[in-house]
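# the following block contains a protein sequence and its predicted model.
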Amino acid sequence: MEEIAYRIRRSERARRVRVTVDAGRGVEVVLPRRAAEREAASAVRELRPWIERRVAELQRAQDAVSARGAGVPYLGSLLAVRTEPGRTRVHRRGDELLAPAGAERIPALERWYRRAAHNEIAPRLDAACARAGSDYTTLSIRGQRTRWASCSRDGAMSFNWRLLLAPEEILDYVVWHEVCHLEIMDHSPRFWALLGHHWPEYRAHSAWLRRHGATLVL
């Protein structure tokens with residue numbers, strides 16, 4: 001059986017061994033500062049089935065991204081990207097994005113998506129809160145690696161800009177998921193019943209995110 005290649009990173013803050021699989025860094029084992037290196041090998045052996053599934057999932061995601069060609073997804077549609085030397089900011093013109101060329105292309109696209117995310121999410125969040133009879137305090141757009149959105153106990157809402165790379169109904173589902181957390185913070189049966197009342201297709205849309213979330217990259 002072929003050995004799994006991995007790299008070790010030590011962390012002063014880590015309290016236990018942690019294994020991550022990332023498209024850019026590959027398999028990484030995070031060790032507490034005083035942990036023996038053999039603990040990394042043991043963790044990789046124990047988690048081998050999960051690591052192999054995760055690697056295969058990332059490969060499928062990379063294949064899906066490659067199949068898009070030069071376009072980028074936007075709430076279920078595909079926008080063509082045309083680069084222009086000297087441009088510093090992305091501008092949308094119909095179904096086309098005018099973007100900087102070279103190394104600035106991806107960072108500029110991400111900044112554009114972050115701005116667009118606020119414009120797309122704020123009215124959806126306002127409308128859902130009005131229907132639910134609830135209210136939030138603040139809205140922020142972030143680029144979390146492991147979370148699509150969050151709702152704090154004081155009503156602060158945070159959403160991942162990558163949700164704009166998903167179909168529109170997926171974004172709407174995540175908005176309703178967080179709005180329901182304004183009333184019920186946990187994932188108890190009461191929460192799922194409330195979410196089902198407001199968004200009956202939540203199971204299918206949650207499953208879509210689990211299956212395709214890794215493809216939501218530029």
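Sure thing, it's come through.
# check which residues of stretch 170-184 are buried.
For stretch 170-184, a neighbour-count test (16 or more other C-beta atoms under 10 Å) marks 170-182 as buried. Yep, even glycine has a C-beta here, placed from its N, CA and C like the rest.
# same question, stretch 92-108
97-100, 104-105, 108.
# what of stretch 7-18?
Within stretch 7-18, the residues that qualify as buried are Val17, counting by 16+ other C-beta under 10 Å.
# do stretch 109-125 as well
By neighbour count on 16+ other C-beta under 10 Å, the buried set for stretch 109-125 is 109, 112-114, 116-117, 120-121, 124-125.
# hmm, who's touching that stretch?
Stretch 109-125 has contacts (C-beta atoms under 8 Å, 6 or more residues apart in numbering) with 72, 74-75, 81, 89-90, 92, 97, 99, 136, 139, 141, 143, 157, 159, 161-165, 171-172, 175, 178-179, 218.
# hey, C-alpha coordinates of stretch 72-79 in CSV?
The C-alpha trace of stretch 72-79 is given here as CSV (Å, rounded to 0.1, in the frame of the first residue of the first chain):
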residue,chain,number,x,y,z
VAL,A,72,-16.7,32.0,-13.0
PRO,A,73,-20.0,31.0,-11.4
TYR,A,74,-22.4,33.6,-10.0
LEU,A,75,-25.6,32.3,-8.3
GLY,A,76,-26.2,29.7,-11.0
SER,A,77,-25.0,31.5,-14.0
LEU,A,78,-21.6,31.6,-15.6
LEU,A,79,-19.9,35.0,-16.1
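# OK, contacts around the residue positioned nearest the centre of the chain?
Note on the chain: the residue nearest the mean C-alpha position is Trp148, at 4.8 Å, using C-alpha atoms, centre = their mean. Residues counted as contacts of Trp148 (C-beta under 8 Å, 6+ apart) are 159-160, 162-163, 174, 209, 213.
# repeat for Ile141
114, 117-118, 121, 158-161.
# now the nearest residue to Pro167 once chain neighbours are set aside: how far from Gly94?
Excluding the flanking residues, the one nearest Pro167 by C-beta to C-beta, 6 or more residues apart in numbering is Gly76, at 4.1 Å. Look at Gly76 and Gly94: by C-beta to C-beta, to the nearest Å, they are 16 Å apart.
# so how far is Pro73 from His212?
Note on His212: its distance to Pro73, by C-beta to C-beta, is 11 Å.
# joint contacts of those two?
Here His212 and Pro73 have Ala166 as joint contacts, going by C-beta under 8 Å, 6+ apart.
# out of the contacts of Ile141, list just those in helices.
Those of these mapping onto helices are 114, 117-118, 121, per DSSP state H.
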